[in-house]
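[1] quick one, what's the 3D model for this:
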Amino acid sequence: MRNLMILMTAAALAVPIAATAQPVEPPVVVWDADAFWRGAPTPAWERIAFLQQRIDNGVADHSLNRREAIHAQEDLRHIRQLATQMRARDGGTLNDTDNAYIQQRLDTLSRQIHWMRHNW
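    Below is the predicted model of the structure:
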């Protein structure tokens, strides 16, 4: 009986303490796109070479497995072929529309490579 009284007293004292406790807020995580792209070139052909280096680095440090590396290489090869065809069609340069399309494809591939290399 005495143990029950002690337990009830402790529970009664704990309620006001819990009610006054401040909630713990999770840390704020801010995405820094500038930091992610820092060091990456802007022109399409330089970005293609940059992504090729990222794939090669992923293979070398084993952050890309064989299947992921093959997938990334195939996507990059297709983008490279497409850019070559577009450039040949337009007299050796990419027009603004084609450049925007190639850049969008490179953005997508870059995000995929990033995800594959960091998805353990």
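[2] drop to CA atoms for contacts and neighbour counts, all remaining ones
    Will do.
[3] pLDDT of stretch 75-92, averaged?
    In this model, stretch 75-92 has a mean pLDDT of 95.
[4] same question for stretch 46-56, mean pLDDT?
    Summarised as a single mean, pLDDT over stretch 46-56 is 95.
[5] contacting residues around that stretch?
    The contact list for stretch 46-56 (C-alpha atoms under 8 Å, 6 or more residues apart in numbering) reads 40-41, 64, 69, 72-73, 76, 80, 106, 110, 113.
[6] same question, stretch 90-110
    44, 47-48, 51, 72, 75-76, 79, 83, 86-87.
[7] buried set for it?
    Neighbour counts over stretch 90-110 (16 or more other C-alpha atoms under 10 Å) mark 94, 98-99, 102-103, 106, 109-110 as buried.
[8] all strands in this protein, in order from the N-terminus.
    With DSSP state E as the definition, the chain shows no strands.
[9] having no further points to raise, I will conclude here.
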